[in-house]
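In: sequence and predicted structure, then a few things I'm wondering about:
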Amino acid sequence: MTAPETKPAPINRRAGHRPEWLKIRVPGDLAQLPVSKLMNDLALNTVCQEARCPNIFECWSAGTATFMILGEICTRRCTFCAVGKGKPLAADAGEPGRVAEAVAKMGVHHAVITMVNRDDMPDGGAEHLAQTVRAVRGETGAAVEVLISDLEGNREALRAVIASAPEVLAHNVETVPRLYPAVRPVAKYRRSLDVLRWASEERTGGMLTKSSLMLGLGETEEEVLAVAGDLRNAGVDIVTFGQYLAPTGNHHPVRRYYTPEEFTALGATVKAMGFHHVESAPLVRSSYMAHRALAVSR
């Protein structure tokens, strides 16, 4: 991903020691934002908080958030992720309605609903997610994007999510196959591709599919482009690339920081593969500017 006349940024393993273009200056107190109070009042989780997203203030200041359902404990132990791990609580039957209430009160036009992995549930939480999409549909006119787990490769569970008719169905492959044992030890690259391919094959009503990769985990240019090719062959419409930022020193280390110019060059190369839309920049995350990807892809 080296852009012409651009030297690669040096490898740096220390989480938090970032180049200037990755330093986020928060202009206020997140706890004082109306969105923060609304989330607390409705007992909802956001991936913005749980995953320590670097764009949190920008998005929350605009009155938007990505809702994380099915609790705040994940059954997987991915080494890049800040979401809590362990044994989750039972699904909250009132959660879909509260998410719909929050979307309505915030007045958002594009709601992103993501989930923790729930390998403890027979359908991986698919029906609960589908109920949440339907609840948002019933209360608001917002477009809905779902960011799902791999559902342990359960195609019937995936069909339940598709039947709820989200505008976008996303599932992130996150990194290249070689790094899965170190980064996503329980996940399987081919299983994730299957989920995306099935979603593309069974889509209805113009639903778009989407996936994302983090860069800086130790991948090579050839590996990233090979994954992009796999995603396009699986029928994926939208792909995003962003810089991996280790949440703490106990997470997978940052092997390299890519420059903004390198991200731009990568985005141009991948867009030429035929994707409807590509987002590629250091601070891009899967749900960042999600409404723009939908608008451009239609």
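Out: Alright, I've got the coordinates.
In: show me where the stretch 101-250 of the chain dips below the pLDDT cut-off.
Out: Within the stretch 101-250 of the chain, no stretch has pLDDT under 70.
In: quick one, helices of it?
Out: 126-139, 155-163, 180-183, 189-202, 221-233 (DSSP state H, counting those that start in this stretch).
In: out of those helices, deepest packed?
Out: Stretch with highest mean neighbour count among the helices of the stretch 101-250 of the chain: helix 126-139 (a mean of 21; mean count of other Cβ atoms under 10 Å). Glycine gets a C-beta too; all of them are placed from N, C-alpha and C.
In: quick one: contacts of it?
Out: 67, 69-70, 91, 95-97, 99-101, 103-104, 111, 113, 115, 121, 142, 144, 146, 148, 151, 154, 157-158, 160-161, 163-166 (Cβ atoms under 8 Å, 6 or more residues apart in numbering).
In: now do that helix against helix 155-163, angle only.
Out: 10 degrees (axes from the mean of the first three to the mean of the last three Cα atoms, to 10 degrees).
In: what residues are up against Val296?
Out: Going by Cβ under 8 Å, 6+ apart, Val296 touches 276-277.
In: export the helix or strand where it lies as CSV, just CAs?
Out: Following DSSP states H and E, one finds Val296 within helix 290-297. The C-alpha trace of helix 290-297 is given here as CSV (Å, rounded to 0.1, in the frame of the first residue of the first chain):
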residue,chain,number,x,y,z
ALA,A,290,-22.1,4.8,6.9
HIS,A,291,-24.9,6.9,5.4
ARG,A,292,-22.5,8.2,2.8
ALA,A,293,-21.6,4.7,1.6
LEU,A,294,-25.3,3.9,1.3
ALA,A,295,-26.1,7.0,-0.7
VAL,A,296,-23.2,6.6,-3.1
SER,A,297,-23.9,2.9,-3.6
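In: starting at the chain centroid, how far to it?
Out: Mean-position distance between helix 290-297 and its chain equals 15 Å (Cα atoms, centre = their mean, to the nearest Å).
In: over to stretch 131-139?
Out: For stretch 131-139, the distance to the chain centre is 20 Å (Cα atoms, centre = their mean).
In: which of the contacts of helix 126-139 fall within strands?
Out: For the contacts of helix 126-139, the ones inside strands are 67, 69, 111, 113, 115, 144, 146, with DSSP state E as the criterion.
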